[in-house]
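Undergrad: structure for this input, please:
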Amino acid sequence: MAYENLKAQIAEYNKLCDEKSAKTPERQNLKYNRVYTPVDIEGFDYERDLGMPGEFPYTRGVQPTMYR
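TA: Reported below is the predicted structural model:
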């Protein structure tokens, strides 16, 4: 998968959020991503490690909609 465009979008989003949260003193020293994606995990294979809803390895539940 090509994540380069996603990385750029996330960087821009994080910059915008950092500017807004800089006004909140209790958040200034916390370092975390506003959005976490497969890009953030080294060696993560989306299809192998997470899979689709309702399919093995069932990380998202045994039903595709998970509301049955």
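
Undergrad: Three-state assignment for C17, please.
TA: helix (DSSP: H, G, I helix; E, B strand; the rest coil).

Undergrad: wait, it sits on R34?
TA: Yes. Here C17 reaches R34: they are 4.7 Å apart, a contact under C-beta atoms under 8 Å. For every residue, glycine as well, the C-beta is placed using N, CA and C.

Undergrad: low-confidence stretches in the chain?
TA: For the chain, applying pLDDT under 70 flags the ranges 1-3, 18-30, 32, 60-68.

Undergrad: if we go to 80?
TA: The chain contains residues with pLDDT under 80 at 1-4, 6, 10, 13-14, 16-39, 46-47, 50-68.

Undergrad: domains of it?
TA: 1-26, 38-67 (the TED database).

Undergrad: straight-line length of stretch 47-59, end to end?
TA: End-to-end distance for stretch 47-59: 11 Å, by C-alpha to C-alpha, to the nearest Å.

Undergrad: hey, where'd the helices end up in the protein?
TA: Counting by DSSP state H, one finds helices in the chain at the ranges 4-21.
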